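Asks: How does the following fold in three dimensions:
(chains A, B, C and D)
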Protein chains: 2
Amino acid sequence: MLRLAVPYHHGDLRVALLDAAEELVRSRGVDGWSLREASAQVGVSPSAAYHHFASRDALVRALSHRILSRIGTAVRDASAAFDDPGSRIVAIGQTYVRFALDDPAVWRLAFGVDDPEAPISPHPHDILAAELDRLDLGGAVFLLWAAMHGLAALLADGLLRFDDPAAVDVEADRLVRAVLSGLAGQPGPWPTVRSAYTDRQ
Amino acid sequence: MLRLAVPYHHGDLRVALLDAAEELVRSRGVDGWSLREASAQVGVSPSAAYHHFASRDALVRALSHRILSRIGTAVRDASAAFDDPGSRIVAIGQTYVRFALDDPAVWRLAFGVDDPEAPISPHPHDILAAELDRLDLGGAVFLLWAAMHGLAALLADGLLRFDDPAAVDVEADRLVRAVLSGLAGQPGPWPTVRSAYTDRQ
DNA sequence: CACGCTATTTGAACGGTGTTAAGATTGGCC
DNA sequence: GGCCAATCTTAACACCGTTCAAATAGCGTG
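Replies: This next block holds a predicted model:
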């Protein structure tokens, strides 16, 4: 039977739903959309999604997973452009923060999910940890992560806004270097830390 | 007519709804509850809430407002126990972060709301800003705020966990002092910054 | 090529949600 | 004491996530 526009079997409904959901998140906010809406946008009935995701929450979890690894990749690539550890870490921070500013709702969704169903690779946290190890500051990753994450969160939530768009890079740089230099004297001991990511390796 | 248990007019339905919603948030998460549930818990029909809040979202906004000013008060009181600016700022950071750890869902709701309908007093950000002014670091409030906020957010979201409960205070102290000392050399210039709070004064 | 098996999708239905409108009840004020 | 505005209820609406049986499509096997 001739069925050009709407074949009964969708090519790859799973990623089509993820794409639609991501775009809805981008335009309407983390929770300003419904599963039914995403299904309709893909041209499929509401219940079709349930053969690819156990629930709406599972879709959101999968989307978070996809975004986190996208951020991880961006962060890894950005750091690869430099040689000295300081600049590499600054590049990580800038990329991390800029993502939050450029795509706030998507960033919020990515980090708003409690437990990822599968290990995320590469995870931005791990990229940062690898760099800090080279500076013998491995135990303090979480402090630098917190600083970056806080700046990103304030920007993503609109609690903080720069007049000058270029200020993001400047200030991310300043914050990262401030924490690094402020930590330089401290030899630890660092606390034992757990995270959703370190737990699963 | 005798009507002891359930008078037709509730005493103060507005704060009763806020209390119920806060407790629901605490036990079931930021979004794991409904307006109908909160109404039922207070012993009132679902539509009664609409005489005190324009929508569920307005309730959440009002709740966020209440919590933010509670955090502001806690932060102000904590800083008042010390004299030197450094310790005062550390106390602010510790209180801010500990709130996030102790009451994660409520903390998330408080900061997850886009625009507060009325100025928040005292706002934690303003308390911090006042202290930094005394150190001639007024332009850098947002960097210290970011660091504190990031540590708080990671703990509230469960992305970071300390094995030792006492570690929170130690690490918040360490982070705040690291940023302060790392910033000490920098004279600026600081960027022009806007926030949901600075905008409305 | 036909058959049947499995994955995929549909359609209809369920309970629960936020929200609205019209009517009942109440407390306070003249 | 009687009216008025505020408060609350009841009933209804459209929409939501989710489930289940039935319809459809693609694919390997005979």
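Asks: So for the residue sitting nearest the centre point of chain A, what's the pLDDT?
Replies: The residue at the geometric middle of chain A, judged as the C-alpha nearest the mean C-alpha position with C-alpha atoms, centre = their mean, is residue A:68 (3.6 Å). In this prediction, residue A:68 carries a pLDDT score of 95.
Asks: go on, residue A:196?
Replies: On the pLDDT scale, residue A:196 is placed at 68.
Asks: Where does the nearest residue to residue A:141 once chain neighbours are set aside fall, secondary structure wise?
Replies: Excluding the flanking residues, the one nearest residue A:141 by C-beta to C-beta, 6 or more residues apart in numbering or on different chains is residue A:129, at 4.5 Å. In this view, the C-beta of every residue, glycine as well, is placed from N, C-alpha and C. Residue A:129 belongs to helix A:124-133 when elements are defined using DSSP states H and E.
Asks: any idea which helix or strand comes after that helix?
Replies: Proceeding N to C from helix A:124-133, the next assigned helix or strand is helix A:141-156, under DSSP H and E.
Asks: per-domain residue ranges of chain A.
Replies: A:10-53, A:67-200 (automatic domain parsing).
Asks: end-to-end on the first one?
Replies: Domain A:10-53 stretches 15 Å from its first residue to its last (C-alpha to C-alpha, to the nearest Å).
Asks: can you pull the contacts of residue A:111?
Replies: Residue A:111 makes contact with A:64, A:68, A:149, A:153, B:157, B:159, according to C-beta atoms under 8 Å, 6 or more residues apart in numbering or on different chains.
Asks: ok and the longest helix seen in chain A relative to helix A:124-133, angle-wise?
Replies: As far as residue count goes, and with DSSP state H defining each element, the longest helix of chain A is helix A:56-79. Between the axis of helix A:56-79 and that of helix A:124-133 there is an angle of 30 degrees, by axes from the mean of the first three to the mean of the last three C-alpha atoms, to 10 degrees.
Asks: Which elements pack onto helix A:56-79?
Replies: Counting by 3 or more C-beta pairs under 8 Å, 6 or more residues apart in numbering or on different chains; DSSP states H and E, the packing neighbours recorded for helix A:56-79 are helix A:13-28, helix A:35-42, helix A:85-102, helix A:104-111, helix A:124-133.
Asks: buried ones in that helix?
Replies: With burial defined by 16 or more other C-beta atoms under 10 Å in any protein chain shown, the residues of helix A:56-79 counted as buried are A:56, A:59-72, A:74-76, A:78-79.
Asks: do stretch A:120-139 as well
Replies: Buried residues in stretch A:120-139, counted by 16+ other C-beta under 10 Å: A:120, A:122-132, A:137, A:139.
Asks: Name the nearest of the residues you listed relative to chain B.
Replies: Using C-beta to the nearest C-beta, residue A:125 is the member of those that sits closest to chain B, with 8.2 Å.
Asks: so where is chain A shaky, pLDDT-wise?
Replies: Applying pLDDT under 70 to chain A flags residues A:1-9, A:196-201.
Asks: Within range of DNA strand C, give me the residues from it.
Replies: By C-beta under 7 Å from any atom of the strand, the part of chain A that sits against DNA strand C consists of A:8-10, A:13, A:39, A:43-48, A:50-52.
Asks: PyMOL command for the buried members of those?
Replies: Entered in PyMOL, the line below selects the buried ones among the residues of chain A next to DNA strand C, by 16+ other C-beta under 10 Å:
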select buried, chain A and resi 13+39+44+52
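Asks: Any chance of CSV for the residues of chain A next to DNA strand C, columns secondary structure?
Replies: Converted to CSV, the residues of chain A next to DNA strand C look like this (DSSP: H, G, I helix; E, B strand; the rest coil):
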residue, secondary structure
A:8, coil
A:9, coil
A:10, coil
A:13, helix
A:39, helix
A:43, coil
A:44, coil
A:45, coil
A:46, helix
A:47, helix
A:48, helix
A:50, helix
A:51, helix
A:52, coil
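Asks: just the residues of chain A next to DNA strand C that are near chain B?
Replies: The subset of these within reach of chain B, by C-beta under 8 Å from any C-beta of the partner chain, is empty.
Asks: Take the residues of chain A next to DNA strand C and lay them out in TSV including distance to residue B:175.
Replies: TSV is the format used below for these (distance: C-beta to C-beta, whole Å):
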residue	distance to residue B:175
A:8	56
A:9	53
A:10	48
A:13	45
A:39	44
A:43	49
A:44	48
A:45	50
A:46	46
A:47	48
A:48	47
A:50	44
A:51	46
A:52	42
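Asks: Of the residues of chain A next to DNA strand C, which is the nearest to residue B:171?
Replies: Within the set of the residues of chain A next to DNA strand C, residue A:52 lies nearest residue B:171; the separation is 41.1 Å, counting by C-beta to C-beta.
Asks: how far away is the closest residue to the closest one other than its chain neighbours from residue B:188?
Replies: With C-beta to C-beta, 6+ apart as the measure, residue A:14 is the residue that lies nearest to residue A:52, at 4.3 Å, once sequence neighbours are left out. If you measure residue A:14 against residue B:188 using C-beta to C-beta, to the nearest Å, the figure is 50 Å.
Asks: Those two: who's more crowded?
Replies: Counted by other C-beta atoms under 10 Å in any protein chain shown, residue A:14 and residue B:188 do not tie: residue A:14 has more neighbours, with 15 against 12.
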